[in-house]
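In: Turn this into a model:
(chains A and B)
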Amino acid sequence: MSARDRAPGGESIPAAVLRVLVPVVLALVAGSLLLLLLGKNPFDYYGYVLERSLLRWGGIQETLTRMAPLLLIAAGLIVAFRAGIWNLGGDGQFLLAAVASAALAPVLIGTLPRGPVLILCMLTGALVGALWSLVPALLKARYGINEIITTLMMSFLGTSLANVLIKLVLSDPGTTVPQTRTLGVDDRLPRLAGTTVHVGLLIGVIAVILVHLMMTRTAFGLKLQVLGTNRAAAVHAGLRVERLTLAAFALSAGLGVWGSVRADWNPALGLLVVPLVFLARFNGYAIIGFTLFFSALMVGGETAARRVGVPQHYVLVLVALLLLFLALVEYLDMNRRKRRGAPGP
Amino acid sequence: MSALITEPFLVSLLFGAVTAGLPLLLAGMGEQISEKAGVLNIGLEGMMLCGAYAGFLATYHTSSFGLGFLAGGAGGMLVSLVVLELCIRRGLNQIVIGIALTVGAEGLTSLLHYVQFSRTYPRLAAAPVLALPLLDRVPILGKALFSHNALVYLGWVLVAGLAWLFRSTYFGLHLEAAGNKPAALDAAGVDVVRTRSAAVLCTGFLAGVGGAYMANVGAGLFVPFMTGGSGVIGIVLAMLARGRPLWVLIGASLFGASLAMTTALQVAGINVPTDVVQMLPFAVVMLVLVIFARHSVLPPALGTPYVRGER
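Out: Predicted coordinates for the structure are as follows:
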């Protein structure tokens, strides 16, 4: 449905920037009205968000670090959505892969040097994620069973299984908190020179760009797009396996970022990235911008909420407003272009 | 094993299954109405959560459970009004709006709860129980199935009512057409947008009442994020049931049982992590799908906005 309405049009860059900026401003204004109703000063809140996430060096680094898993998940989703496949099971795939790679790393690190261990762990993460989406993929390819149901169910299974694994099998004997063994700081993903940002960010950016190029510039990408726009052009299992591997690549991100995984930790990143990917019109470059903004909001929102004295979940309201306004402006834009007599879909 | 088949264990298991299953049943039936009409309500979770909050608030202030359920329904409908305006009338992407609504409801309800109660979680009095005469004297089943809040029985009646609505009324037929071939419904002179709007409002109401039951009767209090994925389970149940309300009831009971299982096992003195038990229903369903895989039956127009004259 959407791949078709949102086919990348020949949109000028200022128009594209405007299409994003207007909803952001609207969301911030609506959010401040809410803050005013609560008797808080919205400028304080936004000031803190900005200061914490983008104006201080430490904050910038944290913002960039948090972008890494979002970017990888987004890279996977671009492929799936452009191919017209609704993979809503990102959470389970992500968590399970994170757990697998977090469990593997401390074991391997004793016997192998850091480089191969990290690569092995990422591959394991990708593989686990891919395996987890294999069942929905096969059911969809063979029998046309709706992937929304199956990926959602596998997602539930995945998060539960991840919890079980952490609590029963992989927990660190050193602490009573159910978590996997912590990987030494030196053994995590190497950092970019002079910062605390690890190379995961680079991997994420590269993955998104590569996926974008693959989808827009290669025959394989075209095949997937065809699949997305015209279901009748047969769903091939062979095509899907590729996307799964990529979607799964997203998952390995967990490893470098946290070093250890705690039970009941579910950032629900998978589901939150979904609307971002949509609203970026499946465009890789736009997604990088969206994730930066989103990550800054998440990093800054927590501190700002504490300082201003609203619960930190206020940031969720902001995210929701942002999504609503983005979708609304997108809609108005589409209408305007239709009225101008642009060729219909 | 024989220790498990004792009366207290069975009663607590079945009783818990019904209590935990009712919100899923209501939300699942609500979602089924929408899906039949071709609207995918990913925001079901948000509707339940708003219902839970509104319902709790009403009962907290009036100490009437009936008003609480109605307020819960109204809270859910409030969320579905957004779906109605943005997705049905204007044709915005249903998945984006659905996720936005769920996230927004999570944020907004915890914000409102914080403003009113800070970090306290006041408890409600126990909900009134309507024991069905005679039936409640049946051993085990009487206590487990027939000594619940009146809403539980209403939910069961609704299963039959909905099946009748789908099968034998014009409205049910219109819903089906709106999901299968909206253009045909339009040609027959029935307003597609209005049919879908009605469906979504029903969904909001039912999900909201389900949420209110979860807060007021199931938990006896409101905690932010308390629906914890029930909405998603509701969506899955509705899709698996393929348009048949009875299957939503079966599914909801199965899930309710697995949610209640942990507590019941603790009563019997066995400790199993919640996660293991909660995996069971999904694992079973996936297994069934893999073994007996058949083509799924979903309305062809599911998730697509209807624009008159567009092909």
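In: Residue numbers of the stretch 51-200 of chain B in contact with chain A?
Out: Counting by Cβ under 8 Å from any Cβ of the partner chain, the residues of the stretch 51-200 of chain B close to chain A are B:82, B:86, B:90-93, B:95-97, B:99-101, B:103-108, B:110-111, B:114-115. All C-beta spots, glycine's among them, are computed from the backbone N, C-alpha and C.
In: One more pass at 6 Å, please.
Out: Within the stretch 51-200 of chain B, the positions adjacent to chain A are B:90, B:92-93, B:96, B:99-100, B:103-104, B:106-108, B:110-111, B:114 by Cβ under 6 Å from any Cβ of the partner chain.
In: Buried members of those residues into PyMOL, please.
Out: To isolate the buried subset of those in PyMOL, counting by 16 or more other Cβ atoms under 10 Å in any protein chain shown, use the following:
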select buried, chain B and resi 92+93+96+99+100+103+104+106+107+108+110+111+114
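In: so where is the chain shaky, pLDDT-wise?
Out: Assuming you mean chain A. By pLDDT under 70, the weakly predicted segments of chain A are A:1-13, A:109, A:114, A:141-142, A:144, A:168-200, A:219-271, A:341-345.
In: meant chain B, my bad for not saying
Out: For chain B, the ranges with pLDDT under 70 are B:1-5, B:263, B:266-269, B:271, B:292-298, B:309-311.
In: Now do the strands in it.
Out: With DSSP state E, the ranges of strands along chain B come out as B:130-131, B:147-148.
In: next one: the first one to chain centre, how far?
Out: Put plainly, it is strand B:130-131. Relative to the centre of its chain, strand B:130-131 is centred 22 Å away, using Cα atoms, centre = their mean, to the nearest Å.
In: same check, this time on stretch B:136-154
Out: Averaged C-alpha coordinates place stretch B:136-154 at 20 Å from its chain's average position (Cα atoms, centre = their mean).
In: Columns mean neighbour count on top of the strands of chain B, output as a markdown table?
Out: Shown next, in a markdown table, are the strands of chain B (neighbours: other Cβ atoms under 10 Å in any protein chain shown):
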| stretch | mean neighbour count |
| --- | --- |
| strand B:130-131 | 14 |
| strand B:147-148 | 20 |
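In: Quick one: name the residues of chain A near chain B.
Out: Within chain A, the positions near chain B by Cβ under 6 Å from any Cβ are A:1-2, A:139, A:143-146, A:149, A:152-153, A:156-157, A:160, A:163-164, A:167, A:274-275, A:278, A:311, A:313-314, A:316-317, A:319-320, A:323-324, A:327, A:331.
In: circling back: I'd like the strands of chain B written out as JSON lines, with distance to residue B:72 added.
Out: Below are the strands of chain B laid out as JSON lines (distance: least, Cβ to Cβ, whole Å):
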{"stretch": "strand B:130-131", "distance to residue B:72": "18"}
{"stretch": "strand B:147-148", "distance to residue B:72": "17"}
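In: before we move on, the earlier item: quick one: which of the residues of chain A next to chain B sit in helices?
Out: In this view, the residues of chain A next to chain B that belong to helices under DSSP state H are A:2, A:139, A:143, A:149, A:152-153, A:156-157, A:160, A:163-164, A:274-275, A:278, A:314, A:316-317, A:319-320, A:323-324, A:327, A:331.
In: What subset of those residues is buried?
Out: Buried among these by 16+ other Cβ under 10 Å: A:2, A:139, A:149, A:152-153, A:156-157, A:160, A:163-164, A:274-275, A:278, A:314, A:316-317, A:319-320, A:323-324, A:327.
In: Please enumerate the helices of the stretch 101-250 of chain B.
Out: Ranges of helices within the stretch 101-250 of chain B are B:141-145, B:150-168, B:170-180, B:182-187, B:192-213, B:230-240, B:245-267, based on DSSP state H, counting those that start in this stretch.
In: As CSV, these with mean neighbour count would be great.
Out: Shown next, in CSV, are the helices of the stretch 101-250 of chain B (neighbours: other Cβ under 10 Å):
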stretch, mean neighbour count
helix B:141-145, 18
helix B:150-168, 16
helix B:170-180, 20
helix B:182-187, 18
helix B:192-213, 28
helix B:230-240, 26
helix B:245-267, 20
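In: Can I get those helices in CSV including distance to residue B:222?
Out: Converted to CSV, the helices of the stretch 101-250 of chain B look like this (distance: least, Cβ to Cβ, whole Å):
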stretch, distance to residue B:222
helix B:141-145, 26
helix B:150-168, 17
helix B:170-180, 33
helix B:182-187, 38
helix B:192-213, 10
helix B:230-240, 14
helix B:245-267, 18
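In: Give me the nearest residue to residue A:322, chain neighbours excluded.
Out: Using Cβ to Cβ, 6 or more residues apart in numbering or on different chains and skipping the chain neighbours, the partner closest in space to residue A:322 is residue A:27 (4.1 Å).
In: Please, which helix or strand holds that neighbour?
Out: Using DSSP states H and E, residue A:27 sits within helix A:13-37.
In: From chain A, how far off is the residue nearest to residue B:24 when sequence neighbours are not counted?
Out: Leaving aside its sequence neighbours, residue B:24 sits nearest to residue B:252 (Cβ to Cβ, 6+ apart; 4.0 Å). Per Cβ to the nearest Cβ, to the nearest Å, residue B:252 is found 15 Å from chain A.
In: dump the residue contacts of residue B:252.
Out: Going by Cβ atoms under 6 Å, 6 or more residues apart in numbering or on different chains, residue B:252 touches B:21, B:24-25, B:28.
In: for the residue nearest to residue A:50 when sequence neighbours are not counted, what are its contacts?
Out: Distances taken as Cβ to Cβ, 6+ apart put residue A:300 closest to residue A:50, at 6.6 Å, once the chain neighbours are dropped. The contact partners of residue A:300, taken as Cβ under 6 Å, 6+ apart, are A:49, A:52-53.
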